[in-house]
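Participant: Based on what follows, work out the 3D shape:
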Amino acid sequence: MTVARLTGITYYPVKGCAGTALREVTLTSTGLPHDRTYAIADDKGDLRWQGGDPRLALIHPELSDGVLTLRAPGRDPVRADSDDVHAWITDVLGAPSTLVRSPDGNGGRLHLVSRASLDALNHRIAERGADPLPMNRFRPNLVVDGWDVPHTEDGAARLAIAGAELAFTEDTIRCAITMVDQRTGRRSGPEPLRTLADYRRADGGGVAFGAYFEVLRAGKVSVGDAVVLGPGPDAGSGAGPGSASAGTFRDSARTAERASPDR
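Facilitator: Numbers count the residues shown, from 1 in each chain. As a prediction, the model looks like this:
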């Protein structure tokens, strides 16, 4: 039996900017530490987003020892606490901008996408004669590989990853950000929205790809950890994370980890 694995962990210190990959992290009740702690505002105070400002993808935040540093191609790095940071961002984006604390952060949510879902989408895109898309187009926090069925994350009521437990909250409705090339900071549509509209239309409007989860039980997770599906909403009594049912769920995660240690 193939064991699904956590193959990617990424957090985004500045909302809309490039992400930082991690090998391991301790998930907390508020999600992934330092995820979307900062944001970039325009001259009216409205937060910028990649759909309107694709060049945000060129800004690479780096958080070290509590100090945020911003980098971009062809420019010297700048510290977030310096007097030059706002002028630096304005120069990169070509419009007046300021670095601010994000008013809501990520709201404690984790965005998860499976490799099977991306592979299925890229197969459909290839049938149109277009190039496949990388995972970073969808800016997930967590990537899971090893599920045989695409979009397994949609119906995953519960997940166990090492010491952490997650609960599904809602599908991710996709927007124009997915049409931004994260390497160049340029729009390169119409994919994936064109193809997703063929088969992933959501009941409430838009198209869905990936899912949001909340942290039920805090714990350390690492790239390579087994990802175990928990009971669905119709299984058992729907007991909480401290119940005997949840204990069995955690045991199954440890059993899967021992069954396939080759990581």
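Participant: What's the end-to-end length of stretch 73-82?
Facilitator: 19 Å (Cα to Cα, to the nearest Å).
Participant: Name the residues of it that come out as buried.
Facilitator: Going by neighbour count (16 or more other Cβ atoms under 10 Å), the buried part of stretch 73-82 is Val78, Ala80. C-betas here are computed from N, CA, C, even on glycine.
Participant: Then stretch 205-213?
Facilitator: Using 16+ other Cβ under 10 Å as the test for burial, stretch 205-213 gives Gly206, Val207, Ala208, Phe209, Gly210, Ala211, Tyr212, Phe213.
Participant: what's the distance between that stretch and the middle of its chain?
Facilitator: Relative to its chain's centre, stretch 205-213 lies at 12 Å (Cα atoms, centre = their mean, to the nearest Å).
Participant: ditto for stretch 113-130
Facilitator: Chain-centre distance of stretch 113-130: 18 Å, with Cα atoms, centre = their mean.
Participant: quick one: contacts of it?
Facilitator: With Cβ atoms under 8 Å, 6 or more residues apart in numbering as the contact definition, stretch 113-130 has outside contacts at 7, 131-133, 135, 138, 140, 142-153, 172, 191-192, 194-196, 198-199, 209-211.
Participant: let's see it at 7 Å
Facilitator: 7, 132-133, 135, 138, 140, 143-145, 147-153, 191-192, 195-196, 198, 209-210 (Cβ atoms under 7 Å, 6 or more residues apart in numbering).
Participant: now the stretch 101-250 of the chain, which segments are flagged as low pLDDT?
Facilitator: Judged by pLDDT under 70, the stretch 101-250 of the chain has its weakly predicted residues at 104-106, 231-250.
Participant: Which stretches in it count as strands?
Facilitator: Applying DSSP state E, counting those that start in this stretch to the stretch 101-250 of the chain gives strands spanning 110-114, 142-145, 158-161, 164-173, 180-181, 186-187, 208-217, 219-222, 227-229.
Participant: Can you give me every residue that contacts the nearest residue in space to Gly107 that is not next to it in sequence?
Facilitator: Closest residue to Gly107 apart from its sequence neighbours, by Cβ to Cβ, 6 or more residues apart in numbering: Gly31 at 7.6 Å. By Cβ under 7 Å, 6+ apart, Gly31 lies in contact with Asn106, Gly108, Arg109, Leu110, Val215.
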